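> The amino acid sequence is not available; the structure is as follows:
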């Protein structure tokens, strides 16, 4: 139990005719004592702890966080790296990589190439037609 609660309890229990409490129980509250002043001086010398932090966490600078999360363009370094290599990827692999990097929208897709049409020809040769004529019409 704290001393202040004990004092209040004793004040409530004392008889109404009595003017004050026991001399040893009540303290002089008019001014600070030398001990209190020394405590206050000592407390003032200690560094003030930041109460916004949790157990030693350091408050991070917003500018540093922005620079950490800022998007960095690595295009130049990547191009240098890719161009200095002597191994060239096959055409199929490059097409596959480009297809993966394209979006799914129709505007992102390249125009489709028209398939080359082969000239229409017959399956039968001229000799086959002559042979058919001989068999069907009976001409020699």
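Good, I have the coordinates. Just so it is clear, the structure is predicted and the values come from calculations on it, not from any experiment.
> When you work out contacts or count neighbours from here on, use the C-alpha atoms and nothing else.
OK.
> pull the helix or strand with minimum mean pLDDT from this structure.
helix 34-45 (a mean of 73; mean pLDDT, DSSP states H and E).
> Report the next helix or strand after that helix in sequence order.
helix 62-69 (DSSP states H and E).
> Just give me how far that following helix sits from the chain centre.
12 Å (C-alpha atoms, centre = their mean, to the nearest Å).
> Check stretch 96-111 too.
On the basis of C-alpha atoms, centre = their mean, stretch 96-111 sits 27 Å off its chain's mean C-alpha point.
> Buried residues of it, list them for me.
Buried residues in stretch 96-111, counting neighbours by 16 or more other C-alpha atoms under 10 Å, are absent.
> what about it, start to end distance?
From its first residue to its last, stretch 96-111 covers 16 Å (C-alpha to C-alpha, to the nearest Å).
> pLDDT (mean, whole number) over it?
Throughout stretch 96-111, pLDDT has a mean value of 82.
> So which residues lie in contact with that stretch, not counting its own?
For stretch 96-111, there are no external contacting residues (C-alpha atoms under 8 Å, 6 or more residues apart in numbering).
> Use 37 as the first number for this chain going forward.
With the count now opening at 37, the last piece we talked about shows up as stretch 132-147.
> Centre of the chain to the least confident helix or strand of the chain, how far?
On C-alpha atoms, centre = their mean, the centre of helix 70-81 falls 47 Å from that of its chain.
> which helices and strands sit right next to that helix?
Judged by 3 or more C-alpha pairs under 8 Å, 6 or more residues apart in numbering; DSSP states H and E, helix 70-81 is in contact with no other helix or strand.
> What residues sit buried inside it?
Within helix 70-81, no residue qualifies as buried by neighbour count (16+ other C-alpha under 10 Å).
> Low-confidence bits of the protein, can you list those?
37, 52-68, 80-92, 175-176 (pLDDT under 70).
> where's residue 125, which helix or strand?
Counting by DSSP H and E, residue 125 is found in no helix or strand.
> next one: the one 3 residues further on
Residue 128 belongs to helix 127-137 when elements are defined using DSSP H and E.
> Could you point out the helix or strand that follows that helix?
Heading C-terminal from helix 127-137 (DSSP H and E), you reach helix 162-173.
> Cool, thanks, talk later.
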